[in-house]
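Participant: turn this into a model:
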Amino acid sequence: MEQSANTESLRQKTRGRGTAANPAGRFEKFGTVAVDDGWEVDEDLPPVRTEIREELARSLITYNRSPDLPFDRSINPYRGCEHGCVYCFARPTHAYLGLSPGLDFETRLVARPNAADILRKELSARRYKTAVIAIGTNTDPYQPIEKQRAITRGCLEVLAEFNHPVAIVTKGALIERDLDILGPMAARGLTRVGISLTTLDAGLSRRMEPRAPSPKRRLQMIERLSRAGVPVRVMTSPLVPGLTDHELEDLLRAGRDAGADTASWIMLRLPREVSQLWQGWLAEHEPGRAEKVMARLREMHGGRDYDPRWGHRMRGEGRYAEMVAQRFKAAIKRLGLAEEGDPLRTDLFQVPPQAGDQLSLQL
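Facilitator: Numbering: from 1, shown residues only. Here you go, the predicted model:
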């Protein structure tokens with residue numbers, strides 16, 4: 001009978017990753033399982049390296065009709081995310097690529113090098129109607145590979161050229177590199193940024209979000225963005241019941257003190273494969289709290305790990321969810337934070353002149 005591969009060797013191999021589990025995607029007929037070969041030889045397995053492949057995008061702007069979201073369109077320069085946040089609700093999307101939502105999601109990434117060119121083409125279409133584009137709603141646009149690829153920056157350059165409004169969500173400190181673009185756009189009312197702040201406990205953050213900047217560094221990001229004139233939202237998301245929920249007021253205060261002017265919260269979401277990955281993480285890192293965390297989540301989702309219905313999936317329902325919502329509203333009122341900032345401008349949008357355009361006859 002086959003035995004499980006040595007747990008310690010697997011941990012060494014995946015050190016610095018959100019999960020060592022790599023279950024087959026839900027569309028796959030077969031999966032792979034690591035097993036002990038029986039030789040009883042101590043071997044140091046090489047660490048798992050990040051692999052990047054390229055995908056030439058045919059289209060870039062994705063439209064949605066979700067009433068839960070404050071935007072109807074978004075773009076994603078990358079698929080997968082090296083930050084490795086174990087709770088990431090976007091993990092199940094990797095199954096559409098024939099890859100695992102587990103370790104594959106954070107180590108087998110897809111870059112879209114022609115994203116800026118496709119975006120320029122789509123914004124130039126005669127039928128295009130201007131509305132805020134969101135970046136970072138699925139995977140982080142400022143994850144480590146952006147430093148070399150600069151695909152997000154290329155898209156921002158296009159948006160700035162078109163005077164197109166954009167809202168960005170990130171944990172990545174690399175966003176500070178693009179202040180030369182974001183600052184002038186913010187001055188024209190064209191951009192805002194949301195920084196996800198899940199906990200102030202650096203150790204807990206490192207275990208849940210192994211390759212994302214520390215809480216202290218994220219607060220520095222808020223400070224530097226706001227100092228450059230970019231409006232910043234502190235996003236206490238996801239809030240984990242029984243683990244980080246007690247930090248809600250402290251997170252909001254820290255964000256406000258760093259310069260954020262708006263705030264939001266979303267409860268932990270466990271769609272599809274994320275639930276088992278998360279429960280595996282709890283068993284390893286927080287075994288004493290695992291039962292309480294899952295009980296709270298199920299209480300908010302009618303006994304299930306997750307309820308995907310619109311209007312319920314972001315915050316759940318019931319007494320506990322209502323209590324958190326009341327705490328949030330009381331805290332932001334006390335701290336002088338708003339839930340909504342000034343709307344971004346759409347009236348400045350203009351397709352810039354392009355090579356081959358007919359010159360105007362006006363003097």
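
Participant: avg pLDDT for the longest strand anywhere in the chain?
Facilitator: Of all the elements of type strand in the chain, the one with the most residues (DSSP state E) is strand 232-239. Averaging pLDDT along strand 232-239 gives 97.

Participant: partner strands of that strand, with direction?
Facilitator: When pairs are called by DSSP bridges, strand 232-239 turns out to pair with strand 191-196 (parallel), strand 262-267 (parallel).

Participant: contacts for the last one, please.
Facilitator: Put plainly, it is strand 262-267. Contacting residues not belonging to strand 262-267 are listed as 194, 231-239, 241, 248, 252, 255-256, 297, 300, 314-316, 321, 324, 328, 332, 337-341 [C-beta atoms under 8 Å, 6 or more residues apart in numbering]. Any C-beta I mention is one placed from the backbone N, CA and C, and that applies to glycine too.

Participant: try 6 Å this time
Facilitator: Residues outside strand 262-267 that contact it (C-beta atoms under 6 Å, 6 or more residues apart in numbering) are 233-239, 252, 314-316, 328, 332, 337-338, 341.

Participant: same question, stretch 229-239
Facilitator: Contact with stretch 229-239 is made by 87, 182-183, 186-187, 192-194, 196-197, 222, 225-226, 245, 248, 251, 255, 260-268, 341, as judged by C-beta under 6 Å, 6+ apart.

Participant: show me which residues of it are buried.
Facilitator: Within stretch 229-239, the residues that count as buried by 16 or more other C-beta atoms under 10 Å are Val230, Pro231, Val232, Arg233, Val234, Met235, Thr236, Ser237, Pro238, Leu239.

Participant: excluding its backbone neighbours, what's nearest Thr62?
Facilitator: Spatial nearest neighbour of Thr62, chain neighbours left out: Ser74 (5.5 Å); criterion: C-beta to C-beta, 6 or more residues apart in numbering.

Participant: and the spatially closest residue to Arg272 that is not a sequence neighbour, what pLDDT?
Facilitator: Sequence neighbours aside, Pro92 is the residue nearest to Arg272 in space, at 4.1 Å (criterion: C-beta to C-beta, 6+ apart). What the model reports as pLDDT for Pro92 is 95.

Participant: Pro92 - that's part of a helix, no?
Facilitator: Yes. Under DSSP: H, G, I helix; E, B strand; the rest coil, Pro92 sits within a helix.

Participant: now do the end-to-end distance for stretch 236-251.
Facilitator: This stretch, stretch 236-251, spans 7 Å end to end (C-alpha to C-alpha, to the nearest Å).

Participant: then stretch 334-346?
Facilitator: In stretch 334-346, first residue to last residue: 32 Å (C-alpha to C-alpha).

Participant: repeat that for stretch 72-84.
Facilitator: Taking C-alpha to C-alpha, the first and last residues of stretch 72-84 lie 26 Å apart.

Participant: hang on, the earlier thing: dump the buried residues of stretch 229-239 into a markdown table; add distance to Met208 as well.
Facilitator: Formatted as a markdown table, the buried residues of stretch 229-239 follow (distance: C-beta to C-beta, whole Å):
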| residue | distance to Met208 |
| --- | --- |
| Val230 | 26 |
| Pro231 | 27 |
| Val232 | 22 |
| Arg233 | 21 |
| Val234 | 18 |
| Met235 | 15 |
| Thr236 | 14 |
| Ser237 | 12 |
| Pro238 | 10 |
| Leu239 | 12 |
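
Participant: ok, of those residues, which one's closest to Thr130?
Facilitator: Distance to Thr130, by C-beta to C-beta, is smallest for Pro231 among the buried residues of stretch 229-239, at 19.3 Å.

Participant: show me what contacts the nearest residue to the closest one once chain neighbours are set aside?
Facilitator: Spatial nearest neighbour of Pro231, excluding adjacent residues (C-beta to C-beta, 6+ apart): Arg192 at 4.5 Å. By C-beta under 6 Å, 6+ apart, Arg192 lies in contact with Ala167, Pro231, Gly341.

Participant: do the same with Asp180
Facilitator: Asp180 makes no contacts at all, as judged by C-beta under 6 Å, 6+ apart.

Participant: if we go to 10 Å?
Facilitator: Arg153, Leu156, Ala160, Ala228 (C-beta atoms under 10 Å, 6 or more residues apart in numbering).

Participant: element containing the second one, please.
Facilitator: Spelled out, that is Leu156. Assigned by DSSP states H and E, Leu156 falls within helix 151-162.

Participant: buried sites along that helix?
Facilitator: Within helix 151-162, the residues that count as buried by 16+ other C-beta under 10 Å are Ile151, Thr152, Arg153, Gly154, Cys155, Leu156, Glu157, Val158, Leu159, Ala160, Phe162.

Participant: ok, the first one touching Glu55?
Facilitator: No. Because the distance of 11.0 Å does not satisfy C-beta atoms under 10 Å, Ile151 is recorded as not touching Glu55.

Participant: joint contacts of the two?
Facilitator: Tyr78, Ala111, Arg112, Pro113, Asn114, Ala115.

Participant: can you tell me which of the residues you listed has the most neighbours?
Facilitator: Most neighbours among these, by other C-beta atoms under 10 Å: Tyr78, with 25 neighbours.

Participant: OK, contacts around that residue?
Facilitator: Residues in contact with Tyr78 (C-beta under 10 Å, 6+ apart) are 52, 55, 109-112, 115, 136, 138-143, 145-146, 149, 151-152.

Participant: now Gly336
Facilitator: Contacts for Gly336 (C-beta under 10 Å, 6+ apart) come out as Arg256, Asp261.
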